[in-house]
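Student: fold the following, please.
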Amino acid sequence: MGSTTWRSDRELAQAYLDGNPQAVAAIERVVRASLGGFRTAFAADLDDIVQEILLEVTIALRERRYRGDGVLAAYVSRLARFHAIDRWRKRRVRHWVELDELGLPASDPLPSQQVEQRDRVRGLLSLFRAMPEECQRLWRMLVRGASYRQMSEKLGVSEGALRVRVLRCRKRAQAHRDREEV
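Tutor: Sure thing, here's the model as predicted:
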């Protein structure tokens, strides 16, 4: 900004506020030079960011935040860099949205996933049928959402005894599955 047109930075600041084209160009050169490290990151938005910073400089000068005791170029450069850093940080924040909230139609599973799912269901049904009738009855009640209390009342046994029976059925099913996998 080393122009001989202004005797001091205060004069340059006032000329900028008055809309002097040379003063505006001088301040803009400082802003653009200060954004050098951000040029590639903000390539598409660089002109908009420069305008935002020039507006910020204008407001700061009108509110007399720059008192004239320091170098105006350093003050403008600091404003520009802080603005760019804030903009960079905001850009990096990710706003997560659940896919259900977007209202997108549910995608169908891939054919391979459909086959895997069918095989899993067939395996579970086969396992279910291989279990004793008592285990099948307990699992039906559980799948329908019955609590252990409701099941114990219906079967006439204590909740503790019922939990033991369900645990034994699980162990039988696991043992059966282990034998089938071998």
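Student: helix, strand or coil for Asp119?
Tutor: In three-state terms, and counting by DSSP: H, G, I helix; E, B strand; the rest coil, Asp119 is helix.
Student: quick one: it from Leu125, how far?
Tutor: 11 Å (CB to CB, to the nearest Å). All C-beta atoms are positioned from the backbone trio N, CA, C, and that covers glycine.
Student: Ser34 contacts Ala80, correct?
Tutor: Yes - taking contacts as CB atoms under 8 Å, Ser34 lies within contact range of Ala80: 3.8 Å.
Student: among those two, which residue is more densely surrounded?
Tutor: Ala80 (25 against 22; other CB atoms under 10 Å).
Student: for that one, which residues are in contact?
Tutor: Shown in contact with Ala80 (CB atoms under 8 Å, 6 or more residues apart in numbering): 30-31, 34-35, 53.
Student: quick check on those: which are buried?
Tutor: Among the contacts of Ala80, those classed as buried by 16 or more other CB atoms under 10 Å are 30-31, 34-35, 53.
Student: let me know the closest of those to Leu46.
Tutor: Leu35 (6.9 Å; CB to CB).
Student: verify the stated contact: the closest one with Leu46.
Tutor: Yes - when contacts are counted by CB under 8 Å, Leu35 is listed as touching Leu46 (6.9 Å).
Student: now intersect the buried ones among the contacts of Ala80 with the strands, please.
Tutor: Among these, DSSP state E puts none in strands.
Student: what helix or strand is Val115 on?
Tutor: If you go by DSSP states H and E, Val115 is part of helix 111-130.
Student: by contact count, what packs against the next helix or strand after that helix?
Tutor: Per DSSP H and E, the first helix or strand lying C-terminal to helix 111-130 is helix 133-143. Helix 133-143 is packed against helix 111-130, helix 148-155, helix 159-181, with contacts defined by 3 or more CB pairs under 8 Å, 6 or more residues apart in numbering; DSSP states H and E.
Student: the longest one vs helix 111-130, what angle?
Tutor: If I follow you right, that is helix 159-181. 120 degrees (axes from the mean of the first three to the mean of the last three CA atoms, to 10 degrees).
Student: and helix 159-181, which residues are buried?
Tutor: Of all the residues in helix 159-181, those buried under the rule 16+ other CB under 10 Å are 162, 165-166, 169, 173.
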